[in-house]
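> attaching a predicted model along with its sequence, questions to come.
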Protein chains: 2
Amino acid sequence: MTVTLADVAARARVSPATVSRVLNGNYPVAATTRERVLRAVDELDYVLNGPASSLAAATSDLVGILVNDIADPFFGIMAGAAQTEISGPEGSSGRARGEKLAVVCNTGGSPQRELTYLTLLQRQRAAAVVITGGALEDPAHIAAMSAKLARLADAGTKVVLCGRPPLPEGAPEARNGSVLAALTFDNRGGGRRLTEHLLTLGHRSIGYVAGPTERTTTRHRLEGHRAALAAAGVAGDQDRLTVHGPYTRSSGYDATRELLRRDPGLTAIVAANDTVALGACAAVRELGLRIPEDVSVAGFDDLPFSVDAVPALTTVRLPLFAAGARAGRLAMGKEDPPPGGIATIGSDLMTRGSTAPPRG
Amino acid sequence: MTVTLADVAARARVSPATVSRVLNGNYPVAATTRERVLRAVDELDYVLNGPASSLAAATSDLVGILVNDIADPFFGIMAGAAQTEISGPEGSSGRARGEKLAVVCNTGGSPQRELTYLTLLQRQRAAAVVITGGALEDPAHIAAMSAKLARLADAGTKVVLCGRPPLPEGAPEARNGSVLAALTFDNRGGGRRLTEHLLTLGHRSIGYVAGPTERTTTRHRLEGHRAALAAAGVAGDQDRLTVHGPYTRSSGYDATRELLRRDPGLTAIVAANDTVALGACAAVRELGLRIPEDVSVAGFDDLPFSVDAVPALTTVRLPLFAAGARAGRLAMGKEDPPPGGIATIGSDLMTRGSTAPPRG
DNA sequence: CTGTTAGCGCCTTCAA
DNA sequence: TTGAAGGCGCTAACAG
């Protein structure tokens, strides 16, 4: 029925072992023999049987990239960059070589699905796994993840974290080598500088639309914000000026209305990310207020659309593409891990039209 | 070293076959036996060996979703929806059941990579493949794709096209059953209605920023545009009023400057999609022109950010999520293919603030 | 309902 | 440089 290695061997009049060797390029094969084999492969339109190959070799060429939300460019950009590094130059005809199948898995932010995908990848004996985005801060989930990652590492799967802090100290299993590298964004620093910018402009009443609770990204950005406030001696009931919600446009919209209802005197709104900021802008405008004259609005991430908002959004730029690419290289062993396996990736404050000094 | 099925069998004091049966749930197993096996699985922390399983069963639980650009929400939304249908309810603990590994592959729009991914998926004996987005109209590539898809179908892989027209008639190999279903967007109709809207408003000088050449999506949208123009008897050198470029923001920006340079009297710009439209808006504004008073701008797709543009973007809504979900269901056999294997998915004109009657 | 028996297709020592 | 042979871990008929 389907063409097998043996068929190719028969046609090329060599042994199956030889065909295997030319396909994998791991052993010396005479040029003329190789030629003959390759011709037979083409003539028969042979395609390697991945499962059989993986079973015998005890490894596979699958590399998984986990993302929280594939419809969000924040993840799309990182995943695309990683995939580019992993899949190699497009010229490769997919015949052999270190050809890897980089593949992205959408967890939808569900911890359950995250674990499920990891198990599925483990089943496939994945060569590497890149996990992007912030982590859930639930102890049970952290423990489960640590254990799972340790298992993966045991089986030889390289694990790289991208945009996520390293596993907490409390997970001894995971400490030694389970995670090859963790590239973490400077969310705290970025959040702090953003709010400092607002404070410098003269704002003293700032509302904060935070992301979902129990997520590292959310917490770090919020901590940066509050650290700036504290350093400037700005008091106020911070909890009353903070509303949590998912990283969506509608969350930004709803939260902003709520914040402005709680304190109509707010002169600035800081959003958990750019998408949320867009919703915040819509809410502000709908209330008949102008940006930035009446209310300044700021975001985080600097996604592509942010510069096209009107007015252009002040935000914190994260080098998503570069980070994703680096994670991909790390996973492929094309780059050495940073010392200690941890690297913090800096962020840049992008000051644009959506923020200005408060009225009067 | 690693735990195998035999280990579990030994611990549960049953045969390997029985363990396999409870894991796959395909054959009746006594409740008490199942209980014992499951316990052993947990105690040993056993994870099925995917390659071995796929080899023996001659199928795998991998489902590939091909996208042109993972960083573009257009694809992200479809892929996410498809993945949701394929991966099943999140409650599933990933133990067994029809658990599939839905995985997205980023071709970057490269035909070469598209073929490579298909080969890699073929290697893995993928259960299904969902191909999203427009197709390249190069005869050689079409032939290669048809042949490849026919091979995949032969091997039992379900192939579903989402947002892409069915394979051309000229590919006999592919006609009978190679593609399970093709869900195609009504790009032509949407393009026509959009331009009719502009014509109704009174526009007669309309510039068009088209997508990359040789792509079905590009061609169909443009054809719709020109059909509307022709029906309204609007003459003019259409080629001079059309500029092609990639589906990017900067392409929209550059092309719009070029169009306005060629004909400063343009009162409207139609963009290939919303991302391109954003770039067009930026260019228009930068030239000191107002939207929509001086120039109307329209997009296509109705991506989430479009409603937040200022003014909100008039565009053609494509039900991306619904289409992706349906493609996923089709791939899983959860839904019957449409008659003839082809379904056209309608589009909706969203009239918003970025279009208005021309001046004077 | 459960055990036994063969492979699935390939890789990898070991010899030649 | 090449061939022969065994086994990777699991599933799928068959029996029983």
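Okay, I see it.

> in the stretch 251-360 of chain A, mark out all the strands, start to finish.
Counting by DSSP state E, counting those that start in this stretch, the segments of the stretch 251-360 of chain A that form strands are A:268-271, A:296-298, A:315-317, A:342-345, A:348-350.

> could I get the full set of helices for the stretch 151-300 of chain A?
Per DSSP state H, counting those that start in this stretch, the stretch 151-300 of chain A carries helices over the ranges A:172-175, A:187-201, A:216-231, A:249-262, A:274-286.

> can you tell me the SS state at residue A:70?
coil (DSSP: H, G, I helix; E, B strand; the rest coil).

> distance check, it against DNA strand C.
Taking C-beta to the nearest atom of the strand, to the nearest Å as the measure, residue A:70 and DNA strand C are separated by 31 Å. In this view, the C-beta of every residue, glycine as well, is placed from N, C-alpha and C.

> and that residue, how far from DNA strand D?
29 Å.

> quick check: that residue touching residue B:80?
Yes. Using C-beta atoms under 8 Å, residue A:70 is in contact with residue B:80, at 4.6 Å.

> about what we covered before: dump the strands of the stretch 251-360 of chain A to CSV, plus distance to DNA strand C, mean pLDDT and mean neighbour count.
Shown next, in CSV, are the strands of the stretch 251-360 of chain A (distance: least, C-beta to the nearest atom of the strand, whole Å; pLDDT from 0 to 100; neighbours: other C-beta atoms under 10 Å in any protein chain shown):
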stretch, distance to DNA strand C, mean pLDDT, mean neighbour count
strand A:268-271, 51, 98, 30
strand A:296-298, 53, 98, 27
strand A:315-317, 44, 98, 25
strand A:342-345, 32, 96, 16
strand A:348-350, 46, 98, 16
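
> nearest to DNA strand D, of these?
strand A:342-345 (33.2 Å; C-beta to the nearest atom of the strand).

> mind checking if stretch A:300-309 is in reach of chain B?
Yes. Using C-beta under 8 Å from any C-beta of the partner chain, stretch A:300-309 reaches chain B at A:304-305, A:307-309.

> now, which of the residues you listed sits nearest residue A:285?
residue A:309 (11.2 Å; C-beta to C-beta).

> pLDDT weak spots in the stretch 151-300 of chain A?
Along the stretch 151-300 of chain A, segments meeting pLDDT under 70 span A:169-177.

> try 50 this time
Residues of the stretch 151-300 of chain A that meet the criterion pLDDT under 50 lie in A:171, A:173-174.

> tell me who's in contact with residue A:329.
Counting by C-beta atoms under 8 Å, 6 or more residues apart in numbering or on different chains, residue A:329 touches A:85, A:335.

> picking up where we left off before, hey, what's in contact with both of residue A:70 and residue B:80?
Residues touching both residue A:70 and residue B:80 by C-beta under 8 Å, 6+ apart: residue A:106.

> more neighbours: those two, which one.
More crowded of residue A:70 and residue B:80, by other C-beta atoms under 10 Å in any protein chain shown: residue A:70, with 29 against 25.

> which parts of chain A sit against DNA strand C?
Residues of chain A found near DNA strand C (C-beta under 7 Å from any atom of the strand) are A:1-2, A:4-6, A:16-17, A:20-21, A:23-24, A:26, A:48-49, A:52-53, A:55-57.

> give me the buried subset of those.
Buried members of the residues of chain A next to DNA strand C, scored by 16 or more other C-beta atoms under 10 Å in any protein chain shown, are A:4-5, A:20-21, A:23, A:48-49, A:52-53, A:55.

> take those residues and write them to JSON lines, including distance to residue A:300.
Listed next are those as JSON lines, based on distance: C-beta to C-beta, whole Å:
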{"residue": "A:4", "distance to residue A:300": "53"}
{"residue": "A:5", "distance to residue A:300": "52"}
{"residue": "A:20", "distance to residue A:300": "51"}
{"residue": "A:21", "distance to residue A:300": "52"}
{"residue": "A:23", "distance to residue A:300": "48"}
{"residue": "A:48", "distance to residue A:300": "45"}
{"residue": "A:49", "distance to residue A:300": "47"}
{"residue": "A:52", "distance to residue A:300": "47"}
{"residue": "A:53", "distance to residue A:300": "44"}
{"residue": "A:55", "distance to residue A:300": "45"}
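
> restricted to helices, list the residues you listed.
The helices, defined by DSSP state H, take in A:5, A:20-21, A:23, A:52-53, A:55 from these.

> what's the most distant pair in those residues?
Farthest pair in these (C-beta to C-beta) is A:21 and A:55. Separation: 18.0 Å.

> pretty sure residue A:118 contacts residue A:152?
Yes. Using C-beta under 8 Å, residue A:118 is in contact with residue A:152, at 6.8 Å.

> now the common contact residues for these two.
In contact with both residue A:118 and residue A:152: residue A:129, using C-beta under 8 Å, 6+ apart.
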